[in-house]
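I would like to see how this sequence folds:
(2 chains)
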2 protein chains.
Amino acid sequence: MVLFNLLLLATAAIAPAAASVWPLPKEQSLGTQVAWLDSRVKFNVKYGPPGDSSTYKYARDTLTSRVTRRKTSKKGIAETRIDAAIDRTKSFLYGDKLIPWMFNKKGSDWQPRYDRKTAIKIKTISVTQTDAEPDNTKDEPIDESYTLTIKAINDREAKVEIVGKTSTGVLHGLTSLSQLFYTDESKKNVYTPYLPVDIKDSPRFPHRGINLDVARSFYPVKNIKSLLDTLSWNKMNILHIHITESQSWPLEIPSMPDLAAKGAYTKDQIYSVRDIADIYSYASLRGIRVIMEIDMPGHTASIAYSRPELIANFNRQPWVGFCAQPPCGQLKLDSRAVDKFVEDLYSDLLPRLKASGAGYFHAGGDEYNTNSAQFDETVGTNASSVVIPKLNRFVNKVHKEIFDAGFTPIAWEEMLLEFPLTLDPRVIIQAWIDNESVKKVVDKGHRVIFGNYKNWYLDCGFGFWLDVTPQSFNQLAPAFTDYCSPMKNWKAIYYYDALEGIPKDKLHLVLGGEVHMWSEQVDGQILDARVWPRASAAGEVLWSWNREESGEYRTQLSVTPRLALMRERMVARGVQASLVTQGWCLQNPGDCQY
Amino acid sequence: MVLFNLLLLATAAIAPAAASVWPLPKEQSLGTQVAWLDSRVKFNVKYGPPGDSSTYKYARDTLTSRVTRRKTSKKGIAETRIDAAIDRTKSFLYGDKLIPWMFNKKGSDWQPRYDRKTAIKIKTISVTQTDAEPDNTKDEPIDESYTLTIKAINDREAKVEIVGKTSTGVLHGLTSLSQLFYTDESKKNVYTPYLPVDIKDSPRFPHRGINLDVARSFYPVKNIKSLLDTLSWNKMNILHIHITESQSWPLEIPSMPDLAAKGAYTKDQIYSVRDIADIYSYASLRGIRVIMEIDMPGHTASIAYSRPELIANFNRQPWVGFCAQPPCGQLKLDSRAVDKFVEDLYSDLLPRLKASGAGYFHAGGDEYNTNSAQFDETVGTNASSVVIPKLNRFVNKVHKEIFDAGFTPIAWEEMLLEFPLTLDPRVIIQAWIDNESVKKVVDKGHRVIFGNYKNWYLDCGFGFWLDVTPQSFNQLAPAFTDYCSPMKNWKAIYYYDALEGIPKDKLHLVLGGEVHMWSEQVDGQILDARVWPRASAAGEVLWSWNREESGEYRTQLSVTPRLALMRERMVARGVQASLVTQGWCLQNPGDCQY
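Numbers count the residues shown, from 1 in each chain, chains lettered A, B, ... in the order given. I've put the predicted structure just below:
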């Protein structure tokens, strides 16, 4: 297998200077011959062997992304998923209309011209799933590998073949395929300039995600679906949805209707049972797992709007020292009423998530404030000797309920590292503070998800949002930076060595990572611009890692144009991603170095 | 006149906790009584006295913002402008559909209920221009003052009156009016909760603008029109359009077609003669002056794509030390060919801009690189004794041509302060480095525009965009910050004391300021999110200043909710502005302080 060579390609007469597939495939060989997509390309599909008896509650999405509930579907998950992905792929192939002018030298003759008489045409795309579909809800890695080839079969016709063991692999193959095509100046003819194409691909990490906080600011379902679309194009497979917070409780729990009725910002800012099923279904069709988080015992003040008796230290003012940000408020630690609340909550919610195909549930556990525990009458002190055993009881009870409902729980790192508690070794730990945390977690034998605030917090660097009082003005002015400034641009995200110091025999415990989109200063209006293409940078790190086989970091000169091309691809599909760099620097690779 | 009192209002039963008009009017008294907008409100308009003989080439815009060329228009500028503004105002009053839930305590009964039997109705809005329209193209301040009152005339009806001396004043009055209304939960009924309203308003500075770089990245005309709309809502009256750069020349010059044909990124990324007239006309209808900048002698490398003989040191590599960023290239300083080029350029362009109603033209003049002058054979050295006289000749010739065409030239501060050159005292200087620059300019007796990179550069803080070589990687990683990091959030922009150290007898020379949107990492996809509401913060500083009459800065507690409300107003009108803070902090004013 000849690995793709950027410099070689740049010398070709007709071909964008940037390789096309993002994230970079494990092995990719691209040529420089042009083939044109027939206006009625046919997909020949072979699904996996029979035996997939799982039923699927929602019909496959249409191009308008609607999901219609059906009582039963005759198709299994794999078939439904592949069919929907083919529909999407068609719409991208013909609809992207991407003209990659900025990746070619100004004035150069880089665009191929369609000539009906001599054009090599792609008339069929073969899509094959070879194996039986695995159970996507189990806490086991899924084979996501695929191969993609485009080869001329004679001097007038080329053929595309995509093969994956699972439907997820097939989906990734289709995603890569859709990134290999451009539109010519007429905006009618679709071509790939890369023949012959030979890609063998599989991910470095099984867990490649984003954590979206939908409770400090509410995001309409359409924003979440758009995010799921874009995640899938970046081969990211996890949407961690941080769905409740101290600021609001936007989640409908039918057996406790006042939780959202009183805890949500408004009645229009609640995720209904139907919305949640819709989100999980939409994600599953794109090969994405949704992991819902109901953070506790901290970050729960919004419960007090309906159940003040469950919350200690609600909106204490001044708040500094009693919580990470206002409003303070956390579940009482040793309360039968709180225990009952959690049991009722989970017994309403978890079976529904299970029915939607979920396998993981995030139990929260960050930033529990011991000082606030003094004002929790079921604790009454900030002494570790009292707080830790009570926290240990509470958290382990919560985790047990999650296990009992058929899920693997995920917990924030403080539960294992800060207090520390004794957790079930199957609990997955999400680290967010630094690389040292990741190392400590694997040293304790737990699996870990990385993505710390110094590199992978997408909310950082947008300035101090708390109202600065006249008293503290001089200290904070004039820059008004936040605790995790500066803003993490794509380079800070890409060149983050999350495996620093992890011994080889513990590497298997590192499941992958998540970028974090906390919503103090973000809502749906600007989600695209904040997330993309920075999350794409994380997507490549998680899929293909950020180093060459030599161990050296990939050079920026090799990453910038590919990321910029992926940005243009996302823009072509309606995502308002931020700009990587101005056109001149892309037209003149190497001339914008420092 | 009782000044508006935020705390008083917050205690009212039915009224958003945030005052409504942004930027804060000079004098504003708002009550707490509700009045409902009749579904067919009538505008009674009195235009200024006859005598306005100016013709107007373009018909007034419709709600779809189209501008249609007419051979002549029977209306004068003032009449055309006021009629168009009334059309816009109607669409905002009925179309904003803004429900200000987040500015009211969760669960409180803050929404008025429409009762046909008792409602006070607003059926007529009187709009009066009292004086003859001044010549907007002259280098003289225009009276922008207005008054706005809404008063009950009996127990069933209220009346709106807006009075301005000029059409610009009337436009500002209508802008304020449109910010005083909300929609109730039915989304059908429009109300203002502020009766009686009494506003007497006028701006602190005559020059309130933004500088948009449309040459590093190209912005379609629709983006520029959207920006003009949003500027007008913030009572900003200047669009400085930095229209050419070293990266591209997107400006059609009919007598030199190859300038854009070869210098623009693509043929679709060129502002045609028609586009420019359209932009100036669209701006004028909104009370905004467009100031076009053709930067020179630096920042002109893109001229080399059509006229390589005019440019010294084109795209020198390595570039560090020879220009501020790649590609290097500046007009030769002492060349008859360059002189002729500028004469031809101006004689094509300036009369057209004059016909579009322009009075100012920006001659550029930043970052002329003396080291590059060594490689300009018409200079041949970097010795000041040679460079400065040649630069002096060139710049003064350019400025004279601008004066001769009937414009007042604007120049970047380096021309006056760095070299320094001897400039015509009528030249307006744009300072961008620091407060000291502003002081030095007025000390030399020139008028000045402020807005330095430490506070008012909207592009800062988004990270290092140049490709970092492996050699410089360790030095720049991991934060990859840019030269002017951190990002300037709205607080850094708002609490910027641009008048620091300016003596009282020189204050009249400070015309105002501009925020700057340089486009290394921005294009039309994310313009809204980068500019708004941060430019709104500048808008209030420029209209109402950032201090109370006592000399103290306005508190953040008084600014945050008003800015957040303005953000929601902009979002309601389709602008994807960034979020000021999450809803909880707005619902609970004072509880998110630090």
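
Surely A:Thr89 touches A:Ser176?
No: taking contacts as Cβ atoms under 8 Å, A:Thr89 lies outside contact range of A:Ser176: 10.2 Å. C-betas here are computed from N, CA, C, even on glycine.

out of the two, which sits in the busier spot?
Between A:Thr89 and A:Ser176, A:Ser176 has the larger neighbour count (other Cβ atoms under 10 Å in any protein chain shown), namely 24 against 21.

Need the nearest residue in space to the more buried one, chain neighbours excluded.
A:Val21 (4.8 Å; Cβ to Cβ, 6 or more residues apart in numbering or on different chains).

May I ask which helix or strand encompasses the closest residue to A:Gln374 other than its chain neighbours?
The shortest distance from A:Gln374 to any non-neighbouring residue, by Cβ to Cβ, 6+ apart, is to A:Asn382 (5.0 Å). For A:Asn382, there is no enclosing helix or strand under DSSP states H and E.

now do the one 5 residues further on
When elements are assigned from DSSP H and E, A:Val387 belongs to helix A:384-404.

Tell me the first helix or strand C-terminal of that helix.
strand A:408-412.

ok, A:Asp275 - how many residues close by?
Neighbours of A:Asp275 under the rule other Cβ under 10 Å: 16.

and it, what is it in contact with?
For A:Asp275, the contact set (Cβ atoms under 8 Å, 6 or more residues apart in numbering or on different chains) comprises A:Val221, A:Glu252.

quick one, phi/psi of A:Tyr305?
Main-chain dihedrals, A:Tyr305, degrees, to the nearest 10: phi -70, psi -30.

I'd assumed A:Ser246 was in contact with it.
No: A:Tyr305 sits out of contact with A:Ser246 when judged by Cβ under 8 Å, with a separation of 10.5 Å.

Between those two, tell me which one has more neighbours.
Between A:Tyr305 and A:Ser246, counted using other Cβ under 10 Å, the more crowded position is A:Ser246 (28 against 20).

Regarding that one, what is its secondary structure?
coil (DSSP: H, G, I helix; E, B strand; the rest coil).

With adjacent residues omitted, what lies nearest to it?
A:Ala301 (3.5 Å).

and the one you found, how far is that from A:Asp334?
Between A:Ala301 and A:Asp334 the computed distance is 19 Å (Cβ to Cβ, to the nearest Å).

which of these two has more neighbours?
When A:Ala301 and A:Asp334 are compared for neighbours, A:Ala301 comes out ahead with 27 against 17, by other Cβ under 10 Å.

Just want the phi and psi numbers for the more buried one.
The phi/psi pair for A:Ala301 (degrees, to the nearest 10) is phi -60, psi -30.

per-residue pLDDT, it?
pLDDT, A:Ala301: 98.

do the same with A:Ala19
pLDDT recorded at A:Ala19 is 78.

cool, and A:Thr137?
The model's pLDDT for A:Thr137 equals 88.

surely it meets A:Gly357?
Yes: using Cβ under 8 Å, A:Thr137 is in contact with A:Gly357, at 5.4 Å.

For the closest residue to A:Pro503 other than its chain neighbours, give me its contacts.
In space, and not counting its chain neighbours, A:Pro503 is closest to A:Val442: 8.0 Å by Cβ to Cβ, 6+ apart. If you count contacts by Cβ under 8 Å, 6+ apart, A:Val442 has them with A:Val448, A:Ile502, A:Pro503, A:Lys506, A:Leu509, A:Val510.

Buried ones in the helix or strand where A:Val442 lies, by neighbour count?
Following DSSP H and E, one finds A:Val442 within helix A:435-443. For helix A:435-443, the neighbour count (16 or more other Cβ atoms under 10 Å in any protein chain shown) marks A:Asn435, A:Ser437, A:Val438, A:Lys439, A:Lys440, A:Val441, A:Val442 as buried.

Show me what the very next helix or strand once past that helix is packed up against.
With elements assigned by DSSP H and E, the helix or strand that comes after helix A:435-443 is strand A:448-450. On a contact count with 3 or more Cβ pairs under 8 Å, 6 or more residues apart in numbering or on different chains; DSSP states H and E, strand A:448-450 meets strand A:428-430, helix A:435-443, strand A:510-517.

so how many other residues sit close to the residue in the stretch 101-250 of chain A that chain B sits nearest to?
In the stretch 101-250 of chain A, the residue that lies nearest chain B is A:Gln247 (3.8 Å; Cβ to the nearest Cβ). For A:Gln247, the count of nearby residues is 27 (other Cβ under 10 Å).

Over to A:Pro318?
A:Pro318 has 12 nearby residues by other Cβ under 10 Å.

check which helix or strand covers it.
Going by DSSP H and E, A:Pro318 is not part of any helix or strand.

Pull the contacting residues for it.
A:Pro318 touches B:Gln593, counting by Cβ under 8 Å, 6+ apart.

and the residue of chain A most remote from its centre, which of the three is it?
Distance from the C-alpha centroid of chain A peaks at A:Lys117, with 44.6 Å (Cα atoms, centre = their mean). Classification of A:Lys117 by three-state DSSP places it in coil.

for the one 5 residues further on, same thing?
Going by three-state DSSP, the secondary structure assigned to A:Ile122 is strand.

how's chain A carved up into domains?
A:6-201, A:207-555 (automatic domain parsing).

Return the most buried member of the ones you listed.
Using mean count of other Cβ atoms under 10 Å in any protein chain shown, the stretch among the domains of chain A with the largest mean neighbour count is domain A:207-555, at a mean of 20.

any idea which helix or strand comes after the one helix or strand A:Phe361 maps to?
A:Phe361 is located in strand A:360-362, with elements delineated by DSSP H and E. Toward the C-terminus, strand A:360-362 is succeeded by helix A:370-373 as the next helix or strand (DSSP H and E).

Run through the neighbouring helices and strands of that next one.
helix A:384-404.

pLDDT (mean, whole number) over the helix it packs on?
Helix A:384-404 shows an average pLDDT of 98 in the prediction.

Distance from that helix to the middle of the chain?
With Cα atoms, centre = their mean, to the nearest Å as the basis, helix A:384-404 stands 29 Å off its chain's centre.

between it and strand A:408-412, how many degrees?
Here the directions of helix A:384-404 and strand A:408-412 differ by 150 degrees (axes from the mean of the first three to the mean of the last three Cα atoms, to 10 degrees).

what packs against helix A:384-404?
helix A:336-355, helix A:370-373, strand A:408-412.

mind giving me a markdown table with the ones you listed and columns for mean pLDDT?
As requested, the helices and strands packed on helix A:384-404 are exported to a markdown table (pLDDT from 0 to 100):
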| stretch | mean pLDDT |
| --- | --- |
| helix A:336-355 | 98 |
| helix A:370-373 | 96 |
| strand A:408-412 | 98 |
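
Could you dump those into a markdown table and include distance to B:Asn396?
Listed next are those as a markdown table, based on distance: least, Cβ to Cβ, whole Å:
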| stretch | distance to B:Asn396 |
| --- | --- |
| helix A:336-355 | 74 |
| helix A:370-373 | 68 |
| strand A:408-412 | 65 |
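
which outside residues touch the helix or strand hosting A:Lys491?
Using DSSP H and E, A:Lys491 maps to helix A:490-494. Contacts to helix A:490-494, defined as Cβ under 8 Å, 6+ apart, come from residues A:455-456, A:515, A:533-538, A:540-541, A:546, A:556, A:559, A:563, A:580, B:463-464, B:468, B:477-480.

Check stretch A:461-473 too.
Here stretch A:461-473 has contacts from A:325, A:476-477, A:480-482, A:484-488, A:520-521, B:461, B:486-492, B:495, B:552-553, B:555-557, B:560, B:578, B:580-581, B:585, B:590, B:592-594, using Cβ under 8 Å, 6+ apart.
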